[in-house]
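# Whatever this is, show me its structure:
(one chain, ligands or ions: 1)
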Amino acid sequence: MAKREFWFLVGSQCLYGDDVLRTVDARAAEMTAAMNAGGLLPYRLIYKGTAKSDAEITAVIREANYDETCTGIITWCHTFSPSKMWIGGLRLLQKPYCHLATQYNREIPNDEIDMDFMNLNQAAHGDREHGFIAARLRIPRKVIAGYWQDEAVQRRLGDWMRTAVGAAVSRSMKVMRFGDNMREVAVTEGDKIEVQAKLGWQVNTWAVGDLVKEMHAVTETEINALMADYTAAYDIATDSIDAIRYQAREELAMKKMLDREGCRAYTNTFQDLYGMEQLPGLASQHLMALGYGYGGEGDWKVAAMTAIMKAMGKDENGASGFMEDYTYHLAEENPCSLGAHMLEVCPSLAADKPRIETHHLGIGMNEKDPARLVFEGKAGDAIVVSLIDMGGRLRLICQDVQCIKPILPMPNLPVARVMWKPAPDLLTGIECWITAGGAHHTVLSYDVTAEQMKDWANMMGIEFVHITADTTVDGLEEKLMVADLVWKLK
Ligand code: MN
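All right, here's what the predicted structure looks like:
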C-alpha cells in the first residue's frame, strides 16, 4: 500500500480578529485528532491550517496537487470564508475534493448563545458560500453533511477516501495485455487514448511469447514456495499436482512481468496461448486474490476496473472480482442470474475455502486440463459494474444486486459460481442493463458501494448510470436520451 493522507482545509477570513481565528484553529486541530482517533477513517486526515486569503489557499492547493501522499482535500468553513479568495486555488485543484458541511457544536446552546457565539459558529452560512463557488465553477466535488462526531458521517468520509484512492489508482493504472482481444468482440474494444487522457490508464501489449520465455525461467524452488501458499489457502481436490505446478509457473512468470512494468492489471485470451499448455486459471485467480485486476478475452477495461475496485476496498484489496453473466434461471420461483467464467473467478468472492480442481476445458488451445479454484460465492448485497466506450465518451453502468447462496448444487459445473438477483427484478434488470449497453463482463463487488462508484465517475468526469430497485425501463430510456445530449455538449 502506498502512503496516503487527506488534507483538511478550514476556511475563514481575517475579519474576526485573532481570538476567533485562534479558536477556529484549535477546534479544527481537535476535530482532526478526534476523527483520526475514531478508527473509522481508513487514511490519516491532516489539518493543513485555517485559510484566510487567496494567497494561502492557492499555496496549499498547489502543494496538494504536487504532494504524492495527498490523495484528496476535505474542506469546511467554521466561519464565513468569502469565496472569491478560493477561485484561484480551486481552479488549479487536481485532487479529489470533498466538502464536509458540519459544525463544531452539535446543538444550539440555549443559554449561552449570543452574538459572540454567532460570529464564531457560522458554518451554516459559511458552508453555503463555499458550496456556491464550487457550483459556480463547475468543480466536481462530494458534499457530506452531518455532525463530525457521528459514526455515519465518519463512515461516509471513509468511503469517500477509499473512492479517492480509486481515483489515484486509476491515474497510475498500467494494464498489460498478453495478446489482443478475442476476435470480433465489440464490447471489449475501446479508445485507449481516451481512457489514458480521462482515467490515466496506460494500456499496452506484450507478446505471449515473452510470457512463455519468462515461464521457462521460473525455478522449481519458486514453484515450491507458491505451492505452499496454495496449500495453505485452498483445499487440493485433484491428483494432477503437475497441473497445479504449471499454474504456479504461469502465475510467477506473469507476476514478474507485471511487477517489472508496474502493471496492476492484465488480460489474456484463450485464443492466444501459443506455447502454453493451459489457460491460466488458478494462476489468474490467485493473482486477483493478491489485488491484481484481470479481464478475460482481452477485456482491458474490466481488468483495470477490477484492480481499481479492489483498491477501493478494505486494505486496498477488497472483495471485488472479475465476473461474467453466464446464464439465467427463469423459473417463476426464485428467478436469478448465474455468474461464472471459464476459470477466472476471484476467491475474494468465495463463501468458503476454495478447492483446487482440474477439468477438461474444450475452448481455447489447452493441451492439458487446467487447474482452477472452484467455490460458491457469498450471499449478501453487492453491485455489478461495467465500463463501456460509447464513442466520444465512457459510460459506467452500476446495478444493485443481491447475491444468494446458489439454489442448485450444479455438481458438474467445474468452475466457481455466484448467483444473484439483480435490481429491480430479474427481467426488468436484464432489460435495463441491455438498454444501457452494459457488457457481459463486470466487476462484482461486495464492499464497494454504488455511491462510491457514482463519486468515482464524478471524479473521473465520466457518465454514470445506476440501476436500482426504483429503476424502470421507460425512466432509464429517458435518462439515457438526455445523457446523450448532455455529453455532446461537454
Ligand atoms: Mn468472458
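
# Pull out the CA atoms of the helix or strand containing E357 and give them to me as CSV.
Assigning secondary structure by DSSP states H and E places E357 in strand 355-358. The C-alpha trace of strand 355-358 is given here as CSV (Å, rounded to 0.1, in the frame of the first residue of the first chain):
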residue,chain,number,x,y,z
ARG,A,355,-11.0,-26.2,-3.8
ILE,A,356,-8.3,-26.7,-6.5
GLU,A,357,-9.7,-29.0,-9.2
THR,A,358,-8.6,-29.9,-12.7
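
# how is the chain carved up into domains?
The record's domain split for the chain, according to automatic domain parsing, is 5-171, 174-489.

# and the shortest one, average pLDDT?
In this case it means domain 5-171. What domain 5-171 shows for mean pLDDT is 97.

# do the last one as well
Per-residue pLDDT over domain 174-489 has a mean of 97.

# re earlier: in its sheet, what does the helix or strand following the strand holding E357 sit against?
Next along the chain after strand 355-358, taking DSSP H and E as the criterion, comes strand 371-374. Under the criterion DSSP bridges, strand 371-374 sits next to strand 355-358 (antiparallel) in its sheet.

# what separates the partner strand from the chain centre, distance-wise?
29 Å (CA atoms, centre = their mean, to the nearest Å).

# And for stretch 339-349?
18 Å.

# check contacts around the nearest residue to T32 once chain neighbours are set aside.
Spatial nearest neighbour of T32, chain neighbours left out: Y47 (4.0 Å); criterion: CB to CB, 6 or more residues apart in numbering. Every C-beta, even on glycine, is put in place using the N, C-alpha and C of the backbone. Each residue near Y47 by CB atoms under 8 Å, 6 or more residues apart in numbering is listed here: 8, 10, 28-29, 32.

# what about the closest residue to the ion within the chain, how many neighbours?
Closest residue of the chain to the ion, CB to the ion: G296 (4.1 Å). G296 has 22 neighbours, counted by other CB atoms under 10 Å.

# doesn't V345 make contact with it?
No - G296 lies out of contact with V345 (CB atoms under 8 Å); the separation is 10.2 Å.

# joint contacts of these two?
With CB under 8 Å, 6+ apart, G296 and V345 have common neighbours F322.

# picking that back up, looking at the domains of the chain, which is buried most?
domain 174-489 (a mean of 19; mean count of other CB atoms under 10 Å).

# Would you confirm that I139 contacts I87?
No - I139 is not in contact with I87 according to CB under 8 Å; the separation is 10.1 Å.

# host element of the residue of the chain most remote from its centre?
Each residue of the chain has a distance to the centre, and by CA atoms, centre = their mean the biggest one is for D111: 47.8 Å. In this structure, D111 is located outside every helix and strand according to DSSP H and E.

# Write out the residues of this protein neighbouring the ion.
296-297, 324 (CB under 5 Å from the ion).

# now the residues you listed in a markdown table, with distance to T269 and secondary structure?
Formatted as a markdown table, the residues of the chain next to the ion follow (distance: CB to CB, whole Å; DSSP: H, G, I helix; E, B strand; the rest coil):
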| residue | distance to T269 | secondary structure |
| --- | --- | --- |
| G296 | 7 | helix |
| E297 | 5 | helix |
| E324 | 14 | strand |
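
# and the spatially most central residue of the chain, what does it touch?
Nearest to the mean C-alpha position of the chain, by CA atoms, centre = their mean, lies M309 at 2.5 Å. Contacts for M309 (CB under 8 Å, 6+ apart) come out as 166, 318, 320, 385, 443, 445, 448, 453.

# Swap in 6 Å and give it another go.
Taking CB atoms under 6 Å, 6 or more residues apart in numbering as the contact definition, M309 lies against 320, 443, 445, 448.

# if we take those, which one ends up nearest to Q103?
Each of the contacts of M309 was scored against Q103 by CB to CB, and V448 proved nearest at 30.1 Å.

# what are the ranges of the helices in the stretch 51-200 of the chain?
All helices of the stretch 51-200 of the chain, identified by DSSP state H, counting those that start in this stretch, fall at 54-66, 84-92, 115-120, 123-136, 151-171, 192-199.

# Among those, which comes closest to L349?
Going by CB to CB, the one of these nearest L349 is helix 151-171, 18.5 Å.

# so the closest one versus helix 192-199, what angle?
150 degrees (axes from the mean of the first three to the mean of the last three CA atoms, to 10 degrees).

# now what about helix 151-171, what contacts it?
Against helix 151-171 from outside (CB under 6 Å, 6+ apart): 6, 38, 40-43, 71-72, 96, 98, 142, 144, 146, 199-200, 308, 311-312, 452, 455-456, 459.

# hang on, R264 packs against A307?
Yes - judged on CB atoms under 6 Å, R264 makes contact with A307 at a distance of 4.6 Å.

# ok, the helix or strand where I383 lies: who's next to it in the sheet?
Using DSSP H and E, I383 sits in strand 380-389. Take DSSP bridges as the rule and strand 380-389 pairs in its sheet with strand 394-404 (antiparallel), strand 441-445 (antiparallel).

# Now do the contacts for G262.
By CB under 6 Å, 6+ apart, G262 lies in contact with K174.

# next one: phi and psi at it?
phi 70, psi 30 (degrees, to the nearest 10).

# Would you check how far apart it and L226 are?
Separation of G262 from L226 (CB to CB, to the nearest Å) stands at 21 Å.
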